[in-house]
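Asks: Provided below are the primary sequence and the corresponding predicted coordinates.
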Amino acid sequence: DKGAYPYYMLKEIDEQAVVARNISAHYFDEDGNLQGIPCAVTDTIQEADRLYIVAAGTSYHAGLVGKRYFEQWAKIPTEVHIASEFAYDQPMLSEKPFFIFLSQSGETADSREVLDNVKKQGYPALTLANVMNSTLTREADFALPVLAGPEIAVASTKAYTAQVLVQAILAASLGNPGFDLKAELAKVAVEIQAITDEKESFKKIAEDALKDQHSAFYIGRGLDAAVALEAALKLKEISYIQTEGFAAGELKHGTISLIEEGTPVFALLTQSKTAGLLRGEVAQVAARGANTIVFASEDLAKEGDAFVLPQVNELLMPLLAVIPAQLVAYYATLARGLDVDRPRNLAKSVTVQ
Ligand code: M6R
């Protein structure tokens, strides 16, 4: 039931702060110790020499963020693969691979095909899914819940943040993040709430920048490039504005030729190592007429940025940076008079290959 909300998508965007708290309550005990991840899972992963995350769409984008946690905290090399590609073009695997399937529905046919293939090859697999007792959770060796609660809108929102959170927690069970993850996630929940409370700002940004546009861009570097992919998918999927999300350094290798007077270019700026370079790229597209809209973290924000994201640990910034993009997609779609929850040609769960 969507209650007082006009669309499920808005309700699900708003639920993300609560989802973050629920996930922490499930995976941490009161003393801040991790719980709910069986030793069999962590032991089997520790024996692996490489992780392979396999997923589709938004879940694939969540995997691109999760990769950083597994590599930086758990120190396990991690590859992220699109299920429909992996299924028919399997890359060369390491000696001891471990597979992680990410899925909201647990029913995505492309991911199921890969799971079938890797099981036949005898490799261990864990599914992180929102719908437990789904095909992907039943057929993998291990399954952990993503705990986003029912997601009805075709455009995935809270399942993305939940998948990122659960990957962070799983990675922290394998290696030390070097900070108090439980405390930082409590802060993340507070700040997600603070951003979703700013709906009017994003409504205005969406209406001003996107109402009559036929194309748009999301750029970022590092983790922000990963979030840019998800941000672009969200916008194009429901507003039908052709949107590309990509690594900002690639602009000069081709895409910058698409910039015209007024082309909206959203920049996600939360990573200190590359903030200077990204500022340069924003200036370059602005000089060619782009309408630049910068969402920057508190530590990196400058005068003129469209929105300042509250500061949390940089590796966790994707959990905040994605929220404005979800709201912008929602309000742009609304402004164009479209059905936010049921975009044309799409199904919530893609059960055919
Ligand atoms: O249920 P899954 O997470 O396996 O689904 C994967 C994609 O079909 C899904 O994320 C899709 O891309 C969403 N509609 C994006 O908003």
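Replies: Cool, got the structure.
Asks: What is the neighbour count of the closest residue to A194 other than its chain neighbours?
Replies: Of all residues beyond its chain neighbours, the one nearest A194 is P310 (6.0 Å), with distances taken as C-beta to C-beta, 6 or more residues apart in numbering. C-beta: built from backbone N, CA, C; applies to glycine. Under the neighbour criterion other C-beta atoms under 10 Å, P310 is assigned a count of 15.
Asks: Would you mind measuring from D43 to the ligand?
Replies: Between D43 and the ligand the distance is 27 Å, computed by C-beta to the nearest ligand atom, to the nearest Å.
Asks: One more: I238?
Replies: Separation of I238 from the ligand (C-beta to the nearest ligand atom): 8 Å.
Asks: Look up how far P145 lies from that residue.
Replies: In this view, I238 and P145 are 27 Å apart by C-beta to C-beta, to the nearest Å.
Asks: Counting neighbours, go ahead and name the busier of the two.
Replies: Summary of the neighbour comparison: I238 and P145, criterion other C-beta under 10 Å, with I238 having more neighbours (27 against 18).
Asks: Name the SS class of the more buried one, please.
Replies: At I238, secondary structure determined by DSSP: H, G, I helix; E, B strand; the rest coil is helix.
Asks: pLDDT score assigned to the residue sitting nearest the centre point of the chain?
Replies: When the chain is reduced to its mean C-alpha position, the closest residue under C-alpha atoms, centre = their mean turns out to be A62, at 3.8 Å. Looking at A62, its pLDDT stands at 98.
Asks: Just give the closest residue to G3, not the sequence neighbours.
Replies: Per C-beta to C-beta, 6+ apart, closest to G3 is K11, 6.9 Å.
Asks: Hmm, the one you found is touching V19, no?
Replies: No - in this structure, K11 sits apart from V19 without contact. The criterion is C-beta atoms under 8 Å, and the distance is 11.8 Å.
Asks: Show me what stretch 9-16 is in contact with.
Replies: The set of residues that contact stretch 9-16 without belonging to it, under C-beta atoms under 8 Å, 6 or more residues apart in numbering, is 2-3, 5, 148-149, 151-153, 155, 157-158, 161, 192, 196, 238, 323, 326-327, 330, 340-341.
Asks: Show me which of those residues are buried.
Replies: By neighbour count, with 16 or more other C-beta atoms under 10 Å, those hold 148, 151, 153, 155, 157-158, 161, 192, 196, 238, 323, 326-327, 330, 340-341 as buried.
Asks: what residues does the protein put near the ligand?
Replies: Proximity of the chain to the ligand is assessed by C-beta under 6 Å from any ligand atom, with 56-59, 103-105, 108, 111, 154-156, 233, 237, 349-350 identified as the residues in range.
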